[in-house]
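Any chance you can model this:
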Amino acid sequence: MPPKAKRAAKKKAAQEATAKRVKKMAKGKIQQALMTLLAEEEKMGKAVDQAFKKLDTDGSGFLEKDEFYEALNDILGAAEDEKGIGKKAFDNFFEKLDEDEDGKISKEEFTKKAKRIFKKMHEEPDAAGDD
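As a prediction, this is how the structure comes out:
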C-alpha cells in the first residue's frame, strides 16, 4: 500500500475510533439522564401518593368534594371561622380535577394533575426567592 493510502487509512481508522468513543459517551450521558428522570419521577410519584393519602381523610380512595375542601383548608391553616380557599375558587379547582365529573377525585385524576403542577413548579423559577 502506498504511503499516502496508509496515512488515509490510519486517519479514517482514527476518525472511526473517535466517532465510536463520542457515540459511547453520548449513549452513557443519555442513559444517565434517563436514570435521573426516572428517579425524579419516582420521587414525585411518592410525594403525590403521600399527598393523596393525607387529603383522603376517610380512606375511601377518593377525594369527595366536602372532604377535599376541608382537608385543603386544614392544610392551609384556616381556623374554623375562616376559609383558606374560597368556596367559588375551590369549586372551579375541583371541576378541573374531576375529569369524569362523578363528583369525586380518583387517585388517577389527582395524580395526573398533581404531576403537572409539580413539573410546572420545577420548571418555573421561584419568584419569591428573587428578593
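
do you know how far residue 17 is from residue 96?
Applying C-beta to C-beta, to the nearest Å, the value for residue 17 to residue 96 is 55 Å. To be clear about C-beta, it is placed using only N, CA and C from the backbone, and glycine gets the same treatment.

Equivalent analysis for residue 36, please.
Distance from residue 36 to residue 96, by C-beta to C-beta: 30 Å.

How about the host helix or strand of residue 68, which residues are buried there?
Following DSSP states H and E, one finds residue 68 within helix 65-75. Using 16 or more other C-beta atoms under 10 Å as the burial criterion, the residues of helix 65-75 that qualify are 67-69, 71-73.

Can you list phi and psi of residue 86 for me?
phi -70, psi 150 (degrees, to the nearest 10).

Could you tell me how many residues sit around it?
9 (other C-beta atoms under 10 Å).

Contacts only, for it.
Applying C-beta atoms under 8 Å, 6 or more residues apart in numbering to residue 86 gives no contacts.

So for it, what's the pLDDT?
Here, the pLDDT recorded for residue 86 equals 83.

And for residue 69?
89.

who touches stretch 64-71?
54-58, 63, 85, 87, 90, 94, 103-105.

One more pass at 10 Å, please.
Outside of stretch 64-71, the residues within contact range by C-beta atoms under 10 Å, 6 or more residues apart in numbering are 51, 54-58, 60, 62-63, 78, 83-85, 87, 90-91, 93-95, 97-98, 103-105, 110.

any idea of the mean pLDDT for stretch 99-115?
Rounded mean pLDDT across stretch 99-115 is 91.
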